[in-house]
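> next one to model:
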Amino acid sequence: MFKLEDISEKVFDALVYLQHPDKQVVFESWYRQDIDLTHIVFQQIEETPKSFADDEIESVEHVVSVDVFGKDSREVHKMKVDAIKYMRNAGFVWTGTGYEYLREIDYYHQELKFYYLEEL
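Below is the predicted model:
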């Protein structure tokens, strides 16, 4: 039996440096409209066995979405750049960013995708 790493904990540990001094701004979930600060939500969206030898799994690929939400496009951009830096420092590979403006909630949204290969 193999043991998988807790990817949520690994992501949170990487992004903890982005926390606001007075309020939590990093969550595992979806956007938090109740927070009037630029904030990050993340979730693992895929976990796939990748390398096999002698009928054993040797590595697992994790795909993680890190979403930045906020009302100020400059703050969203800065938090995105910082998130990329901290995630890369934690061993994640940045694979791209999607951009949108959510008119119904008046938020800018930048969705970052990361890849992490866990050796078992």
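> going forward, measure contacts between C-alpha atoms and count neighbours the same way
Will do.
> any idea of the pLDDT on the residue in the chain sticking out farthest from the centre?
Most distant from the centre of the chain: Asp54, at 33.1 Å, with distances by Cα atoms, centre = their mean. Per-residue confidence (pLDDT) for Asp54: 80.
> now Ser51
Value for Ser51, per-residue pLDDT: 77.
> can you give me the buried ones in the helix or strand harbouring it?
Ser51 belongs to strand 39-53 when assigned by DSSP states H and E. The neighbour-count check on strand 39-53 (16 or more other Cα atoms under 10 Å) flags His39, Ile40, Val41, Phe42, Gln43, Gln44 as buried.
> could I get the CA-only coordinates of it as PDB?
C-alpha atoms of strand 39-53 as PDB (Å, rounded to 0.1, in the frame of the first residue of the first chain):
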ATOM      1  CA  HIS A  39      -8.300  36.400  -2.100                       C
ATOM      2  CA  ILE A  40      -7.300  32.900  -3.400                       C
ATOM      3  CA  VAL A  41      -9.200  29.700  -3.400                       C
ATOM      4  CA  PHE A  42      -7.700  26.400  -4.500                       C
ATOM      5  CA  GLN A  43      -8.700  22.800  -5.200                       C
ATOM      6  CA  GLN A  44      -7.100  19.700  -6.600                       C
ATOM      7  CA  ILE A  45      -8.900  18.900  -9.800                       C
ATOM      8  CA  GLU A  46      -7.200  15.700 -10.900                       C
ATOM      9  CA  GLU A  47      -5.000  13.000  -9.500                       C
ATOM     10  CA  THR A  48      -3.700  10.400 -11.900                       C
ATOM     11  CA  PRO A  49      -1.200   7.500 -11.500                       C
ATOM     12  CA  LYS A  50       1.600   8.000 -14.000                       C
ATOM     13  CA  SER A  51       4.600   5.600 -13.700                       C
ATOM     14  CA  PHE A  52       4.300   1.900 -13.300                       C
ATOM     15  CA  ALA A  53       7.000  -0.800 -12.700                       C
END
